[in-house]
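Chemist: got a sequence here, can you build the structure:
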Amino acid sequence: MDPAALSLLLSPEGWALLGALPRYDERLAMVLSERLQREGVDAVLVAAALTQSRLRSRAREKFDDFADGMLFTAAGLEQATRLNVGARHAQRYTAAGCTRVADLTCGIGGDSMAFAALGVAVLAVDLDELTAAIATVNLRHFPEAEVRHADGLTLDLLAEGVDGVFADPARRTTGGRRRHDPSAYSPPLDDVLAVRSTVPALGVKVGPAIAHTAVPADAEAQWVSADGDVVEAGLWFGPLAPDGPGRSALVLRGSHATTLREPAGGLVAPEVGPVGGYLYEPDGAVIRSGLVALVAEQVRGRLLDSTIAYVTSDHLTTTDVATAYRVLDVMPFGLKRLRTALRERGVGRLTIKKRGTAVVPEQLRKQLDLRGDEEATIVLTRVAGSQQVLVVEPV
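Modeler: So this is what the prediction gives:
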């Protein structure tokens, strides 16, 4: 979206049109566009309004009903923090006693909305003028929030009365490719980390693929998943990390939250042993944070292989940080043998999980050529270094 299109959207006619559009439907978008233009609506406004309608539809996954009153850019929505995760960010600052937070790379303003919703004064800053304008729209209902078009790293934070800082550096190229190297973030991670010498209460959202070796020694690094998807990692410093440095995982499932944290004395490596009656697939945030050993301890289990994040146990244990499966069969991996076993079970619909194997699930599914009426789940993995197939069912 360019400034001219934004101006049209913010006109009384444009805002009324955006509010009157039906829920976005890709199949009807072209027909609706042509009808509106025949009725005399400016073509640029129609395109901008339909684009916003499409983005709002996608944004509901992150912002729920709030999306219907917001504006977005495609890149801004892609990077924006989910509402329930942003609320967790904001709670760290209120718990630390922060009263004015600078959001140095505010984007469309998602995290700033969460801060302001908890009554924290926010200085939301973005280097891109159009993005700052969109953040202004999205924060219009919060008198605690001020939006500024500037380079956040050039602010005199103490003069601004800031006692907490948050940053979410851009992690995609202009072509949309992910940047995994923190030095390639925009701004680079080291430049953002330098802020903690002025304001110790610093939080930085980073990509979940960040290497443990790239995490500063004085940070609490927390990996976060929402309903099974690993959505971010965060680096928290000073009073925002009240339990001190270390690794943790936050698992959000619906309205329920579970946190695992690296023990002060470090992790005890779990045993490796044979397949038991149950298989546990740790949540992605647990795996990324390197805390699979805590799942093994929780379910009284062991690893199938020292290099694979599957836990097996002879016990069924309720846990919020792993998905449990009942093991029905175990066999060495072989196409003919697997096909026979599944056909004997009458399987036609197959879920294929894999870890530690080069097998391509879609190719395997074609090779198996299953046509039954039953449904099954198989896990392709290594057991003590050997390629095995586990036939399982969700508990």
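Chemist: what ranges does the stretch 151-300 of the chain have for its helices?
Modeler: Chain-ordered helices for the stretch 151-300 of the chain, with DSSP state H, counting those that start in this stretch as the definition, fall at 189-193, 284-288, 292-298.
Chemist: nearest to residue 208, out of those helices?
Modeler: helix 284-288 (5.5 Å; CB to CB). (Each C-beta comes from the backbone N, C-alpha and C, glycine too.)
Chemist: for that closest one, which helices and strands make contact with it?
Modeler: Here helix 284-288 is seen to pack against strand 220-226, strand 229-236, strand 246-253, helix 292-298 when contacts are counted using 3 or more CB pairs under 8 Å, 6 or more residues apart in numbering; DSSP states H and E.
Chemist: of the helices of the stretch 151-300 of the chain, which approaches residue 209 most closely?
Modeler: Shortest distance between residue 209 and the helices of the stretch 151-300 of the chain, using CB to CB, is found for helix 284-288: 7.9 Å.
Chemist: need the contact partners of that closest one.
Modeler: Counting by CB atoms under 8 Å, 6 or more residues apart in numbering, the neighbours of helix 284-288 from elsewhere in the structure are 208-209, 223-225, 228-230, 233, 249-251, 260, 292, 294-295, 309, 321-322.
Chemist: can you pull the pLDDT of residue 297?
Modeler: Listed pLDDT for residue 297 reads 97.
Chemist: what do you get for residue 176?
Modeler: Listed pLDDT for residue 176 reads 69.
Chemist: and for the one 10 residues further on?
Modeler: Residue 186 carries a pLDDT score of 94 in this model.
Chemist: for the nearest residue to residue 55 once chain neighbours are set aside, give me its contacts.
Modeler: In this structure, residue 55 finds its nearest non-sequential neighbour in residue 72, 4.1 Å apart by CB to CB, 6 or more residues apart in numbering. Residue 72 makes contacts with 52, 55, 56, 59, 80, 108, 134, as judged by CB under 8 Å, 6+ apart.
Chemist: most neighbours among these, which one is it?
Modeler: Of all these, the highest neighbour tally under other CB atoms under 10 Å goes to residue 108, namely 28 neighbours.
Chemist: what residues does stretch 109-121 touch?
Modeler: Counting by CB under 8 Å, 6+ apart, the neighbours of stretch 109-121 from elsewhere in the structure are 62-63, 66, 80-81, 83, 86-87, 89-91, 93-94, 98-101, 103, 106, 122, 124, 134-136, 138-139, 142, 144-147, 164, 166, 168, 205.
Chemist: same for the longest helix along the chain, what does it pack against?
Modeler: For the chain, the longest helix by residue count, based on DSSP state H, is helix 43-63. Helices and strands in packing contact with helix 43-63 are listed as helix 3-10, helix 12-20, helix 26-38, helix 74-79; criterion 3+ CB pairs under 8 Å, 6+ apart.
Chemist: looking at those helices, which is nearest to residue 197?
Modeler: Comparing the helices and strands packed on helix 43-63 by their distance to residue 197 (CB to CB), the top pick is helix 74-79, with 26.1 Å.
Chemist: how far does the helix or strand that that closest one is followed by sit from its chain's centre?
Modeler: On the C-terminal side of helix 74-79, the nearest following helix or strand under DSSP states H and E is helix 83-95. Here the centre of helix 83-95 is set off from its chain's centre by 15 Å, with CA atoms, centre = their mean, to the nearest Å.
Chemist: could you pull out the strands for the stretch 51-200 of the chain?
Modeler: In the stretch 51-200 of the chain, strands defined by DSSP state E, counting those that start in this stretch lie at 100-103, 121-126, 145-149, 164-167, listed in chain order.
Chemist: Provide a list of residues in contact with the nearest residue to residue 214 once chain neighbours are set aside.
Modeler: The shortest distance from residue 214 to any non-neighbouring residue, by CB to CB, 6+ apart, is to residue 182 (5.4 Å). Contacts here follow CB under 8 Å, 6+ apart; on that basis residue 182 touches 188, 189, 190, 206, 210, 214.
Chemist: if you set the cut-off to 7 Å instead, what comes out?
Modeler: Under the criterion of CB atoms under 7 Å, 6 or more residues apart in numbering, the contact partners of residue 182 comprise 188, 189, 206, 210, 214.
Chemist: give the ChimeraX command for selecting the buried subset of those residues.
Modeler: Buried residues within the contacts of residue 182, by 16 or more other CB atoms under 10 Å, are selected in ChimeraX with:
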select :189,206,210
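Chemist: in the contacts of residue 182, find the pair that's most separated.
Modeler: 188 and 210 (13.2 Å).
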